[in-house]
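Undergrad: sequence plus predicted model, see below.
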Amino acid sequence: MAGSVRAELPATPSAADGAAPEPREPLDLLFRDLRTSPDGLSEREAARRLTVYGPNALVRREGRRRPRELARQFTHPLALLLACAAALAAVSGAPNLTGAILAVIGLNALLAFAQERQAERAVDALASFLPDEATVIREHRRRPANSPAVPCHCP
C-alpha cells in the first residue's frame, strides 16, 4: 500500500541539487545527499564540516542602523529604475507622473523596510525556540553536543 502511494508522489530534487530534502525521501538517499551514514560522522569529518560550512547557529547583527537600512531600500535596482523614470517624466514636463513615481518609490521603500524589520523579529522569535544542545551520532555513538558546534549540512 505504501509503495503505491510513494509511486504516485511527484519526483523532487535531492538535497545535492540545492533543494531541501523531501520529508518522505528514503533514508539511503538522504544519507547519500548529506554524505553520511547511519553510523554518523567521524569526529574528524564533523570538525572539517564545521570549518568549511560553519556552525549551526543564527547570526545576529550587532548594532542595527535603521537609517542606513532605510536608505538601502532607495538604492535597490527597482527603486533606481523608477528614479530614472521619474527623471524622464520630469524632463518631459509631466509633474503629476513624476510625483506619482516618486510616491511609489517612497512607499516601496517604507514597505520593504517594514517587511525586513518584521522578518528580523520573526528570526529572533524563532531563535528562542532553538535548543542549546543536540544529539549527534559520532563514530557509531549517540552523544549530546552544543548546537552551534554541530556543522550545517553540506550543500
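TA: Structure received.
Undergrad: contacts and neighbour counts: CA atoms only from here.
TA: Will do.
Undergrad: so how many other residues sit close to Arg49?
TA: By other Cα atoms under 10 Å, the residues close to Arg49 number 18.
Undergrad: what is the mean pLDDT for the host helix or strand of it?
TA: Taking DSSP states H and E as the definition, Arg49 sits inside helix 43-53. The average pLDDT for helix 43-53 rounds to 85.
Undergrad: for that helix, what is the distance to the chain centroid?
TA: 21 Å (Cα atoms, centre = their mean, to the nearest Å).
Undergrad: which neighbouring elements make contact with the helix or strand following it?
TA: Once helix 43-53 ends, the next helix or strand along the chain (criterion: DSSP H and E) is helix 66-74. Here helix 66-74 touches helix 95-127, going by 3 or more Cα pairs under 8 Å, 6 or more residues apart in numbering; DSSP states H and E.
Undergrad: which parts of the helix or strand just after the helix it packs on are buried?
TA: On the C-terminal side of helix 95-127, the closest following helix or strand by DSSP H and E is strand 133-138. Neighbour counts using 16 or more other Cα atoms under 10 Å place Val136, Ile137, Arg138 of strand 133-138 among the buried residues.
Undergrad: of all the residues in stretch 119-133, which ones are buried?
TA: By neighbour count on 16+ other Cα under 10 Å, the buried set for stretch 119-133 is empty.
Undergrad: same question, stretch 73-84
TA: Gln73, Phe74, Ala79, Leu82, Ala83.
Undergrad: and stretch 41-58, by the same measure?
TA: For stretch 41-58, the neighbour count (16+ other Cα under 10 Å) marks Leu41, Ala46, Arg49, Leu50, Gly54, Pro55 as buried.
Undergrad: hmm, back to that, just the buried residues of stretch 73-84 now: which is nearest Ala119?
TA: Closest to Ala119 out of those is Gln73 (15.1 Å), distances taken as Cα to Cα.
Undergrad: by mean pLDDT, flag the weakest helix or strand of this protein.
TA: Here the helix or strand of the chain ranked lowest by mean pLDDT, DSSP states H and E is helix 2-8, holding a mean of 38.
Undergrad: mind checking the SS state of the residue lying farthest from the centre of the chain?
TA: Within the chain, Gly93 marks the point farthest from the mean C-alpha position, 44.1 Å out by Cα atoms, centre = their mean. Using DSSP: H, G, I helix; E, B strand; the rest coil, the secondary structure recorded for Gly93 is coil.
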